[in-house]
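In: sequence and predicted structure are below.
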Amino acid sequence: MKHLYLNLKRFDVPVEYGGVNRIAPMKDWGSYIVAHTQDGLKKYDPAQVEFVQYFPEAHILGAVGALCEDSPVQVGCQGVYRMNTAVGGNFGAFTT
């Protein structure tokens with residue numbers, strides 16, 4: 001069994017906020033990713049491969065809502081530590 005994990009936490013920020021998301025409005029991002037990947041993944045034998053997509057908590061409900069009945073995709077949640085780690089530091093270096 002092969003396991004393919006897709007961790008999408010860095011791609012949910014729109015370009016206008018310095019991110020790389022050019023595919024969908026932020027509110028629709030989780031559902032867009034699932035809706036546009038699950039059909040293409042159906043060609044793989046589920047006994048041979050498992051697909052898991054991890055989303056930041058803000059996008060988990062939209063992602064789960066987009067799953068079709070026979071989706072090969074499993075959805076997981078990636079949490080992000082949101083406190084600064086040092087004065088002037090960044091958040092998000094510690095994930096769950």
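Out: Everything's here; your move. Numbers count the residues shown, from 1 in each chain.
In: partners of the helix or strand that contains Gly76, with directions?
Out: Applying DSSP states H and E as the criterion places Gly76 in strand 73-78. With DSSP bridges as the test, strand 73-78 is paired with strand 49-56 (parallel).
In: what ranges do the helices span in the protein?
Out: Secondary structure of the chain (DSSP state H): helices at 29-35, 38-41, 60-65.
In: kindly export the second one (C-alpha atoms) in PDB.
Out: Included here for helix 38-41 are C-alpha records, laid out as PDB according to Å, rounded to 0.1, in the frame of the first residue of the first chain:
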ATOM      1  CA  GLN A  38     -11.000  13.400  -6.300                       C
ATOM      2  CA  ASP A  39     -12.300  12.400  -9.800                       C
ATOM      3  CA  GLY A  40      -8.800  12.200 -11.200                       C
ATOM      4  CA  LEU A  41      -7.700  10.000  -8.300                       C
END
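In: what mean pLDDT does the strand holding Gly76 get?
Out: Across strand 73-78, pLDDT averages out at 87.
In: in it, what's buried?
Out: Neighbour-count burial for strand 73-78, counted by 16 or more other CB atoms under 10 Å, picks out Val73, Val75, Gln78. Using the backbone N, CA and C atoms, a C-beta is placed for each residue, glycine as well.
In: identify the residue spatially nearest to the last one, adjacent ones excluded.
Out: What that stands for is Gln78. Tyr54 (4.3 Å; CB to CB, 6 or more residues apart in numbering).
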